[in-house]
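Q: generate a structure from the sequence data that follows.
(one chain, ligands or ions: 2)
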Amino acid sequence: MLSLEALRGPLAVAQHQLEEAAARLGIPPHVVDLLREPERAIAVRFPVRMDDGSTRIFTGYRVQHSTARGPGKGGLRFHPDVTQDEVSALAMWMTWKCALLDLPFGGAKGGVICNPKELSEGELERLSRRFAEEIAGLVGPGRDIPAPDVYTDERVMGWMMDTFSRMGGRPLPESVTGKPLALGGSHGRSTATARGLVETVKEATGRLGLPLKGARAVIQGFGNAGAHAARFLEELGCRVVAVSDSQAAVGREDGLPVEVLVAHKERTGSVAGFPGAEEVRPPESIVELPCEILIPAALEGSITEENAPRIQARLVAEAANGPTLPAADRILHERGVTVIPDILANAGGVTVSYFEWVQGLQRYAWKEETVAERLAEHMREAFAHAWEVARREGTDLRTAATMVAVSRVYDALRWRGV
Ligand SMILES: NC(=O)C1=CN([C@@H]2O[C@H](COP(=O)(O)OP(=O)(O)OC[C@H]3O[C@@H](n4cnc5c(N)ncnc54)[C@H](O)[C@@H]3O)[C@@H](O)[C@H]2O)C=CC1
Ligand SMILES: O=C(O)CCC(=O)C(=O)O
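A: Ligands and ions are numbered 1, 2, ... in the order given. From the prediction side, this is the model:
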């Protein structure tokens, strides 16, 4: 058994979380053994013609961790550091997230090793379409439904849906979620992760007696999840005192004006050099700044045993998947810092993806208010359930949320005869 401090790789972290929950639930060893590794995984290597006439070879993965509760569901990441180990962990977290929210999905995830910032739009389109063709045998509306994740967006989802539809010989809006509205996307999907996150922050701060008005928020990662979270927290009266992206971190004691900062990032490609803000150095130390609410919204492993003792926030809401390593989790729990775990805090994205899939199957679009109301209701219910289990079992919220999820997956496996 590895010590908590040695658990750093995403799959080892996810397996540890599973084992912790399974031990408390008394799940039989063969079921834990089954769930420790993905059900199905493919690695593909494929050529893409570049604008200069050369051909480059890319590697990508699609991993289905579990389809016990329904078709695989999960995002697709384009990033230079993607590994099969990472994608497998992300797929396992998708299984728990969908089970916790009681969505009729299993868990899956995909990734392509590439740096989309260095690709032209044409190269990105050819890469997306070719990757879609390579994984088409494994995915599909009733088997596994991709969605956006880090450095992928509605454009990429549109190209993938078009590729699947051409291959299937008919429009297949239900094959991908996070699509543009014009292709059957859902109202509210682009802001869903952040809306869901903020709903859990409201639930947690209410129970902790922490007023949101005037609360200081620090956000690591200023993309889809992080920037929208900043917007919604500002609307609730929080001061967003620091944010970071892959290039820099900036802060301002009286609060950064979020809309102006978003426009600056759109114009320059980074939050770096935002007028009137101070630079935070090194950027990763942003998680240690004084604040009430810390939102990791970038990549895995940013909260470690080294920085956890210096974290000043009272509440950590994980927009990112896997940002807190197990040794850091223990330190934060002992220090009385509440962590809303990824599988709960960022589940708004997949919840609205589920709504989008249902709308695609029904060929019937819901109104924006319907999506918003149902999302808030799902998030509040999942939060209340995890909170209640944490109190009853005397655990942190991550263990409680994972216990709820693992017991639901176990239930499905038992009824399937496993
Ligand atoms: N987009 C979605 O619906 C969902 C996203 N998530 C998770 O949220 C996290 C962020 O995803 P998105 O916002 O969708 O991606 P995105 O591609 O829109 O944004 C990622 C942001 O993180 C920043 N970043 C990258 N490396 C960084 C670093 N080392 N330090 C600080 N910032 C860094 C980038 O500059 C960018 O601003 C990921 O962990 C993802 O898995 C979770 C659930 C749903
Ligand atoms: O919307 C989805 O299907 C999945 C989003 C995702 O990848 C995640 O929740 O980590």
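
Q: and the pLDDT at Met1?
A: Looking at Met1, its pLDDT is 64.

Q: now whatever residue of the stretch 301-418 of the chain ends up closest to ligand 2. Its backbone dihedrals?
A: Closest residue of the stretch 301-418 of the chain to ligand 2, CB to the nearest ligand atom: Ser353 (3.2 Å). In this view, the C-beta of every residue, glycine as well, is placed from N, C-alpha and C. Phi and psi for Ser353, reported as degrees, to the nearest 10, are phi -60, psi -40.

Q: are we agreed that Ala41 is in a helix?
A: No - under DSSP: H, G, I helix; E, B strand; the rest coil, Ala41 falls outside any helix and is assigned strand.

Q: begin at 774 from now on, thanks
A: Understood, numbering begins at 774; the last thing we discussed is Ala814.

Q: near the closest residue to it other than its chain neighbours, how many other residues are there?
A: Once flanking residues are discounted, Ala814 sits nearest to Val836: 4.3 Å by CB to CB, 6 or more residues apart in numbering. Counted with other CB atoms under 10 Å, the neighbours of Val836 add up to 30.

Q: so who does Val836 touch?
A: Pro811, Arg813, Ala814, Ile815, Gln857, Val860, Ser861, Leu863, Ala864, Ala881, Lys882, Gly883 (CB atoms under 8 Å, 6 or more residues apart in numbering).

Q: my guess is the third one contacts Gln857, does it?
A: Yes - at 6.7 Å, Ala814 counts as touching Gln857 under the criterion of CB atoms under 8 Å.

Q: shared neighbours of these two, which are they?
A: With CB under 8 Å, 6+ apart, Ala814 and Gln857 have common neighbours Tyr834, Val836.

Q: what mean pLDDT does the longest helix seen in the chain get?
A: Secondary structure of the chain per DSSP state H: the longest helix is helix 1141-1166. Mean pLDDT, computed over helix 1141-1166, is 98.

Q: got the buried residues for it?
A: Within helix 1141-1166, the residues scored as buried using 16 or more other CB atoms under 10 Å are 1144-1145, 1147-1149, 1151-1152, 1155-1156, 1158-1160, 1162-1163.

Q: any chance of CSV for those residues, columns distance to Thr1172?
A: Compiled in CSV, the buried residues of helix 1141-1166 are given as follows (distance: CB to CB, whole Å):
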residue, distance to Thr1172
Val1144, 31
Ala1145, 30
Arg1147, 28
Leu1148, 25
Ala1149, 25
His1151, 21
Met1152, 19
Ala1155, 15
Phe1156, 15
His1158, 14
Ala1159, 10
Trp1160, 12
Val1162, 9
Ala1163, 7
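
Q: is ligand 1 contacted by stretch 920-935?
A: Yes - where contact is defined by CB under 6 Å from any ligand atom, part of stretch 920-935 touches ligand 1, namely Pro921, Asp922, Val923, Tyr924.

Q: pull up the gap between Arg1054 and Val1044, please.
A: According to CB to CB, to the nearest Å, Arg1054 stands 14 Å off from Val1044.

Q: ditto for Ile1066
A: 18 Å.

Q: ditto for Arg989
A: Counting by CB to CB, the gap from Arg989 to Val1044 is 17 Å.

Q: so these two - more neighbours on which side?
A: Val1044 (27 against 20).

Q: contacting residues for the more buried one?
A: Applying CB under 8 Å, 6+ apart, the residues near Val1044 are Phe995, Val1016, Ser1017, Asp1018, Gln1020, Ala1021, Ala1022, Val1023, Leu1034, His1037, Lys1038, Ala1050.

Q: for Ala1090, phi and psi?
A: phi -110, psi 110.

Q: isn't it right next to Ile1066, touching?
A: Yes - counting by CB under 8 Å, Ile1066 is a contact partner of Ala1090 at 6.6 Å.

Q: what sits in contact with each of those two?
A: Shared contacts of Ala1090 and Ile1066, counting by CB under 8 Å, 6+ apart, come down to Val974.

Q: between the two, which one's more packed in?
A: Counted by other CB under 10 Å, Ala1090 and Ile1066 do not tie: Ala1090 has more neighbours, with 28 against 25.

Q: identify the bridge partners of the more buried one.
A: For Ala1090, the beta-bridge partners under DSSP bridges are Ile1113.

Q: how does this protein divide into domains?
A: 810-945, 964-1118 (automatic domain parsing).

Q: and the residue in the stretch 924-1073 of the chain that ligand 2 sits nearest to, how many neighbours does it have?
A: Of all residues in the stretch 924-1073 of the chain, the one sitting closest to ligand 2 is Thr950 (5.4 Å; CB to the nearest ligand atom). Thr950 has 28 neighbouring residues, counting by other CB under 10 Å.

Q: what pLDDT does it get?
A: pLDDT recorded at Thr950 is 98.

Q: got the contact list for it?
A: Shown in contact with Thr950 (CB under 8 Å, 6+ apart): 918-920, 930, 958-959, 962, 1125-1127, 1129-1130, 1133.

Q: now, which of those residues sits nearest Lys975?
A: In terms of CB to CB, no member of the contacts of Thr950 lies closer to Lys975 than Val1125, at 17.6 Å.

Q: okay, now stretch 805-819: how far is its last residue from its first?
A: One end of stretch 805-819 to the other measures 34 Å (CA to CA, to the nearest Å).

Q: just the buried residues of that stretch, please?
A: Val805, Leu807, Leu808, Arg809, Pro811, Glu812, Arg813, Ala814, Ile815, Val817, Phe819.

Q: quick one: the first one from ligand 1, how far?
A: Relative to ligand 1, Val805 is positioned 25 Å away (CB to the nearest ligand atom, to the nearest Å).

Q: can you tell me which residues in the protein are near ligand 1?
A: Going by CB under 6 Å from any ligand atom, the residues of the chain near ligand 1 are 921-924, 966, 993-999, 1017-1019, 1070-1072, 1092-1094, 1119, 1122.
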